[in-house]
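>>> What follows is a predicted protein model with its sequence.
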Amino acid sequence: MSKVVVISGGGTGIGYACAQHYAKQEMQVVILGRRMDTLCQAAANIAEAFPKAPAVLALTADLSIPEQAQNACDAIRQEFKTVDTLINAAGSNAIRRAPAGSYADGLAGVARRWNDNFQNNTLSAVLLTEGIRPILKRPGGSVILISSIAAYRGSSIGCYAAAKAALHPYCYDLAAALSPEGITVNAVAPGYVQDTEFFGAALSPEQQKSKQAEALNGRGGTPQDVANAIAWLTSAEAAHITAQIIQINGGAEKGR
Ligand SMILES: NC(=O)c1ccc[n+]([C@@H]2O[C@H](COP(=O)([O-])OP(=O)(O)OC[C@H]3O[C@@H](n4cnc5c(N)ncnc54)[C@H](OP(=O)(O)O)[C@@H]3O)[C@@H](O)[C@H]2O)c1
């Protein structure tokens with residue numbers, strides 16, 4: 001029986017790079033997102049690239065909505081007895097992706113911006129993790145949360161940074177509960193990562209250069225950079241690493 005990895009946001013960007021890594025290891029990959037066409041395309045690409053891997057299971061869910069997250073977890077629990085690795089890559093800066101005029105003026109708009117970012121970045125990870133928690137492999141399981149450089153230094157719109165920062169104490173508390181059972185819980189905090197839908201085509205060439213220049217190595221991150229770190233954190237070699245937030249940003253933010 002293949003090991004099982006569940007990856008939210010596995011249809012694109014960092015989550016997709018993770019999905020490719022585990023398919024290469026011939027693990028059973030489960031990907032989740034809101035768009036079935038995107039997930040199906042990702043699953044088909046993986047099947048072509050890694051024909052020996054079990055067929056990717058694609059499940060649609062808006063993971064910020066409890067009922068949808070519950071249905072996805074129920075489907076996973078019906079299919080598999082245990083989950084070896086859970087990677088919470090789903091997330092976005094809700095404001096960046098919202099069509100112009102989406103937010104009302106005044107405090108109603110402020111409240112909705114904060115709620116949207118909290119739901120999309122914090123709650124989506126917490127709901128999936130709590131749903132999968134009972135079937136995580138004991139011992140030997142691993143959980144990854146995806147934070148952001150913004151959690152350390154803020155962002156122009158504080159609610160995205162705050163929503164990511166909220167994952168840090170969740171990581172610590174979950175690690176305290178699960179590490180005695182042999183499950184590691186860690187977060188990664190990427191800096192600017194190119195070639196994902198997070199920024200999409202929103203950045204001008206000048207803005208891209210400016211973000212690249214923030215890194216001490218002068219380049220932006222790639223989905224593969226982040227997937228490599230996650231691959232190691234979820235490997236047996238990293239069994240003694242838990243309750244950590246690992247920054248992946250080429251030195252754009254110094255470690256602390
Ligand atoms: N790119 C960066 O510079 C950067 C930097 C720091 C942190 N991050 C974080 O890294 C993670 C991965 O982002 P990425 O850069 O790979 O961007 P991405 O390509 O936009 O990936 C995000 C994925 O999450 C899914 N998703 C978003 N909200 C969801 C929800 N409510 N329920 C289910 N799926 C949801 C999206 O699919 P659907 O739209 O189909 O649902 C998409 O596949 C995110 O948490 C992001 O905040 C990114």
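Received it, and whenever you're ready, just let me know what you need.

>>> any low-confidence regions in the stretch 51-200 of the chain?
Within the stretch 51-200 of the chain, no range satisfies pLDDT under 70.

>>> so who does the residue of it found nearest the ligand touch?
Nearest residue of the stretch 51-200 of the chain to the ligand, counting by C-beta to the nearest ligand atom: Gly91, 2.4 Å away. Just so you know, the C-beta spots here come from the backbone N, C-alpha and C atoms, and that holds for glycine as well. By C-beta atoms under 8 Å, 6 or more residues apart in numbering, Gly91 lies in contact with Gly9, Asn120, Asn121, Ser124, Ala125, Ile146, Lys164.

>>> try it again with 6 Å
Asn120, Asn121 (C-beta atoms under 6 Å, 6 or more residues apart in numbering).

>>> Check whether it sits in a helix, strand or coil.
For Gly91, the assignment made with DSSP: H, G, I helix; E, B strand; the rest coil gives coil.

>>> and what of Lys164?
Lys164 - assigned by three-state DSSP - is helix.

>>> now Val6
Relying on three-state DSSP, one would call Val6 strand.

>>> Look at it and say how many residues are nearby.
Val6 has 30 neighbouring residues, counting by other C-beta atoms under 10 Å.

>>> From Thr82, how far out is the residue nearest to it when sequence neighbours are not counted?
Nearest residue to Val6 in three dimensions, chain neighbours excluded: Val30, at 4.5 Å (C-beta to C-beta, 6 or more residues apart in numbering). Computed as C-beta to C-beta, to the nearest Å, the Val30 to Thr82 distance reads 12 Å.

>>> Send me stretch 234-254 as CSV with only the CA atoms.
Provided in CSV are the C-alpha atoms of stretch 234-254 (Å, rounded to 0.1, in the frame of the first residue of the first chain):
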residue,chain,number,x,y,z
THR,A,234,8.2,15.5,5.8
SER,A,235,11.0,12.9,5.4
ALA,A,236,12.2,10.5,8.0
GLU,A,237,15.5,12.5,8.1
ALA,A,238,13.6,15.4,9.7
ALA,A,239,11.9,13.3,12.4
HIS,A,240,13.4,15.4,15.2
ILE,A,241,12.2,18.7,13.7
THR,A,242,8.8,19.8,14.9
ALA,A,243,7.1,23.1,16.0
GLN,A,244,9.4,25.1,13.7
ILE,A,245,8.7,27.8,11.2
ILE,A,246,11.3,27.6,8.4
GLN,A,247,11.8,30.7,6.3
ILE,A,248,12.5,30.2,2.5
ASN,A,249,13.4,33.5,1.0
GLY,A,250,17.0,33.7,-0.1
GLY,A,251,17.8,35.9,2.9
ALA,A,252,15.2,38.5,2.2
GLU,A,253,14.3,38.3,5.9
LYS,A,254,17.0,37.2,8.2
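
>>> Apart from its neighbours in sequence, what residue is nearest Ser92?
Ser92 sits nearest to Asn120 (C-beta to C-beta, 6+ apart), 5.6 Å away.

>>> surely that neighbour meets Arg96?
No - counting by C-beta atoms under 6 Å, Asn120 stays clear of Arg96, with 10.8 Å between them.

>>> Pull up the residues of the chain that are close to the ligand.
8-9, 11-15, 32-35, 38, 61-64, 89-92, 120-121, 124, 146, 148, 190, 192-193, 196-198 (C-beta under 6 Å from any ligand atom).

>>> got a list of what the residue nearest the centre of the chain touches?
When C-alpha atoms, centre = their mean is applied to the chain, the residue found nearest the centroid is Ala89 (1.3 Å). Ala89 is in contact with Ser8, Gly9, Ile14, Gly15, Ile146, counting by C-beta under 6 Å, 6+ apart.

>>> All good on my end, thank you.
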